[in-house]
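Novice: Structure for the following, please:
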Amino acid sequence: MEIKIVENAASVEADILVVNLFEDGKTSVDLANKYAVEEDNFKGKFGETYLLPTYGNAPYRKVLVVGFGKKEEFCPDKLREATAKAIKKCSQMEAKKVAFAFEGVDFDYSEQFAMGAFIADYKFDKYKSDKKDKHVKELYIQADEEKIKKAEKIAAAMTFARNLANEPAQFATPTELSNIANDFGLETKIYDREECEKMGMGAFLAVGRGSDEEPKFIHMKYSCDNPKKRIAIIGKGICFDSGGLDIKPASSMLTMKDDMSGAACVLGVMSIIKEFNPQVEVHGIIAACENMPGGKAYKPGDIVTARNGKTIEIDNTDAEGRLTLADALCYACELGVDEVIDLATLTGACVVALGSHASGIMGNDEEFTHKLIETAKKNGEKFWELPLWDEYFDSLKSEVADMKNSGARWGGASAAGVFLKKFVKDVKWAHIDIAGTAYIEKPQKEFIAGATGAGVRTLLGYILEQ
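Specialist: Numbering: from 1, shown residues only. Sure thing, here's the model as predicted:
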């Protein structure tokens, strides 16, 4: 899809002209006002659409009216969703050239328009033998070209992450993730099992013991002269999570290819970062492995030792992500960075608390955490702060080790956060639980079912605003 900037979208010879209608308002097209508003009483409620042909009386063949709802309630998020709705409708009609003429919008809609268009245009049909090309090819709109280009790059990173998280586990193996990381042209180091053993990553390696797939610890680095800040981003990289010996029910395993969505997010960010050339040093870190119930699998009751020397009693082998993150956090804190952000499909408890509309966030610095929440909001994502109180560690206390890897059922998201905090030292840190937002079972707002690229917009937005 290509977005072309024009002075007057209504003059473009297009298959469809998309116009907006606020409730109790008018469109910019007299024909639409006559038939949609006056004759058919189309109200313009948010998300509703009305299609009418022009019968050769205009440069465009059809007009699509998209309801923007009440003007006082309209916002960038709603513009992005409305744009996505229009793109999906135009794709269904196999339109190739679509012009957009928005009027009465009181903010610069360029970036969110582009994001909505690219998100809605996404399909994962790599493995379908019958691929139907219903993509819109050209969009025409009056907008800020630089902001459109920025959004296009961010959307490309999201698509990269979505494709990777949608891939079956037979493709997206730890080795494949490391191969992908090596192709970005960044300073990259891939540590194998033996090297990780020498570095004392006993928690990470324990998780991968039951799989035939070799674990890979991935470190990518983007550098610049005189960086304003040094940031490490860590993505949970469980390429498939069977639950290990505490095996999941079959229905719960169906989407466990997405348990590397945090890693996919980090790879998406690092895939595009050189094109933005931010004045920030960024480290992308992934501890990639599979959690499988093989003959060498780690067992409930085992005690493993993390890189910082802390010992962990295995209470449940399905609480594996925090073990891999523990060693990754230790490693990141040794890099001399100012801030560490980890993203993980970590807990079902976070899904219970927040559903699929918001990611949970917690951290050891209130100002840093709130900056990330605000950045998420500006970039079209929702983060909700969860408590990180020491009391949540009570259920993780062990009689035989420094801690257990899981505990009581209640407050599970915060207990996991408190666990991770034990492996953070001398840096500002935030943990983002994307268990509910990274992969959705049915279409939601601008997204189709499947991977969403959760976190990509926020991380890039945060890096670029430094």
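Novice: what's the closest non-adjacent residue to residue 188?
Specialist: residue 220 (4.9 Å; CB to CB, 6 or more residues apart in numbering). From N, CA and C alone the C-beta is placed, and that goes for glycine too.
Novice: quick one: that neighbour and residue 376, what's the gap?
Specialist: 23 Å (CB to CB, to the nearest Å).
Novice: before we move on, what about residue 3?
Specialist: For residue 3, the distance to residue 376 - CB to CB - is 24 Å.
Novice: go on, residue 19?
Specialist: 31 Å.
Novice: Check what contacts the helix or strand containing residue 31 and list those residues.
Specialist: Residue 31 is part of helix 30-32 when elements are defined by DSSP states H and E. Helix 30-32 is contacted from outside by 19, 21, 50, 52, 54, 57-58, 63, 65, using CB atoms under 8 Å, 6 or more residues apart in numbering.
Novice: And stretch 270-282, by the same measure?
Specialist: Contacts of stretch 270-282 (CB under 8 Å, 6+ apart): 153-154, 156-157, 160, 181, 184-186, 220-224, 226-233, 269, 284, 337, 460, 463-464, 466.
Novice: what about residue 236, is that helix, strand or coil?
Specialist: Using DSSP: H, G, I helix; E, B strand; the rest coil as the criterion, the local structure at residue 236 reads strand.
Novice: Adjust the sequence numbering to begin at 205 for everything that follows.
Specialist: Sure, I'll start numbering at 205, so the last one becomes residue 440.
Novice: Where does the residue nearest to residue 389 when sequence neighbours are not counted fall, secondary structure wise?
Specialist: Of all residues not flanking residue 389 in the chain, residue 478 sits nearest, at 6.7 Å (CB to CB, 6+ apart). Per DSSP H and E, residue 478 falls inside helix 465-480.
Novice: mean confidence for that helix?
Specialist: The average pLDDT for helix 465-480 rounds to 98.
Novice: any idea which helix or strand comes after that helix?
Specialist: strand 485-495.
Novice: quick revisit: how much space between the residue nearest to residue 392 and residue 381?
Specialist: 11 Å.
Novice: residues contacting residue 455?
Specialist: By CB under 8 Å, 6+ apart, the contact set of residue 455 is empty.
Novice: Can you tell me the SS state at it?
Specialist: Residue 455 is classified as helix under three-state DSSP.
Novice: Distance of it relative to residue 573?
Specialist: 34 Å.
Novice: so where do the helices sit in this protein?
Specialist: 234-236, 280-296, 314-324, 349-370, 378-386, 397-402, 406-411, 454-457, 465-480, 525-537, 552-558, 570-582, 616-625, 660-668 (DSSP state H).
Novice: could those go into CSV alongside distance to residue 590?
Specialist: Output for the helices of the chain, formatted as CSV (distance: least, CB to CB, whole Å):
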stretch, distance to residue 590
helix 234-236, 46
helix 280-296, 22
helix 314-324, 26
helix 349-370, 23
helix 378-386, 28
helix 397-402, 30
helix 406-411, 23
helix 454-457, 23
helix 465-480, 17
helix 525-537, 15
helix 552-558, 7
helix 570-582, 10
helix 616-625, 5
helix 660-668, 16
